[in-house]
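Engineer: Let's see this in three dimensions:
(one chain, ligands or ions: 1)
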Amino acid sequence: MGKRIVWITGASSGIGQALARRMAADGWTVAASARSVDALNALAAEPTAGSIHPYALDVTDHAACRTTATAIEHDLGAIDTVVLAAGLHIPTDAKAFDVSEIRTLVEINLMGVVHCVDAVLPALIDRRAGRLAIVASVAGYRGLPTAAGYGATKAALINFAEALKFDLDHQGIITQVVCPGFVRTPLTDRNPFPMPFLMDVEDAAERLYRGLQGTGFEITFPRRFALILKFLGILPDRLYFWLMHKGTGM
Ligand SMILES: NC(=O)c1ccc[n+]([C@@H]2O[C@H](COP(=O)([O-])OP(=O)(O)OC[C@H]3O[C@@H](n4cnc5c(N)ncnc54)[C@H](OP(=O)(O)O)[C@@H]3O)[C@@H](O)[C@H]2O)c1
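Structural biologist: This is a model prediction of the structure:
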């Protein structure tokens with residue numbers, strides 16, 4: 001197989017970074033983007049890093065997303081796979097409701113993905129090839145305690161990916177949504193509660209990479225946790241809220 005090129009956003013940390021390492025180790029040329037240039041440079045300089053190329057990018061900057069996609073294709077070649085993992089978690093507390101926090105979540109988690117999709121779609125459609133993987137979360141399945149803002153962005157991403165898939169299927173582009181459960185990263189290190197089925201980031205990257213080699217729409221891990229949440233998600237509302245109150249104590 002020839003040189004394969006992947007663009008990973010959110011590659012300075014956590015799942016995106018672990019995926020960058022995993023894919024580079026398997027021979028991919030990785031365009032790694034995030035705001036933390038030092039972290040990206042350190043990743044690219046790791047002795048076992050393989051071909052990882054840093055691109056400083058704030059995904060809230062629409063024009064910069066377009067410029068970055070163009071620069072990647074100019075420097076490295078046609079992008080085969082895009083994994084949009086840049087994201088942020090801020091808990092929502094109804095008693096200290098803060099619009100600016102929710103706006104930040106929407107701008108990074110949702111609009112950041114929209115900007116990057118806009119930046120790559122014309123070239124993918126032109127080539128009638130490519131793979132678009134959008135990192136959402138199991139928190140997008142149904143409302144979860146403290147996740148009004150975060151969960152809303154992730155539910156929006158799941159719906160966005162599902163809806164786009166109808167169009168992109170006809171353009172030869174594979175659309176996927178990634179719904180992780182709890183993965184040990186700086187994002188979850190701040191959680192003050194016990195996290196069920198907490199997974200190591202290398203395992204998560206491995207599962208994600210495996211999913212990227214298939215054509216299934218949803219990539220989810222750990223599987224059992226996602227299945228439990230999916231099952232809870234189809235319960236009648238009254239039962240769902242009762243079980244969640246009981247189970248989480250919230
Ligand atoms: N960890 C979990 O349990 C879990 C579960 C479900 C879903 N997820 C999702 O998985 C994705 C990765 O999360 P993680 O756990 O790996 O978190 P993380 O370790 O905190 O990494 C988040 C990444 O997003 C980047 N990022 C944040 N804001 C950005 C911005 N404005 N522009 C560009 N990059 C930005 C960060 O880089 P800079 O700060 O350097 O920009 C960092 O590379 C997120 O979308 C998250 O919602 C995680």
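
Engineer: and the least confident helix or strand in the chain by mean pLDDT, is it in reach of the ligand?
Structural biologist: Within the chain, no helix or strand scores below helix 186-189, which has a mean of 87 by mean pLDDT, DSSP states H and E. Yes: judged by Cβ under 6 Å from any ligand atom, helix 186-189 and the ligand are in contact via P186, L187, T188. No exception for glycine: its C-beta is placed from N, CA and C like everyone else's.

Engineer: now do stretch 223-241
Structural biologist: No: judged by Cβ under 6 Å from any ligand atom, stretch 223-241 stays clear of the ligand, getting no closer than 10.2 Å.

Engineer: Show me which positions of that stretch end up buried.
Structural biologist: Judged by neighbour count using 16 or more other Cβ atoms under 10 Å, the buried positions of stretch 223-241 are F225, A226, L229, L232.

Engineer: ok, of the residues you listed, which one's closest to A78?
Structural biologist: Using Cβ to Cβ, A226 comes nearest to A78 of the buried residues of stretch 223-241, at 32.5 Å.

Engineer: which residues touch the closest residue in space to that closest one that isn't next to it in sequence?
Structural biologist: What sits nearest to A226 in space, not counting adjacent residues and going by Cβ to Cβ, 6 or more residues apart in numbering, is T220, at 4.0 Å. By Cβ atoms under 8 Å, 6 or more residues apart in numbering, T220 lies in contact with V138, V178, C179, P180, G181, A226.

Engineer: T220 and Y209: what is the separation?
Structural biologist: 14 Å (Cβ to Cβ, to the nearest Å).

Engineer: Repeat that for V99.
Structural biologist: 37 Å.
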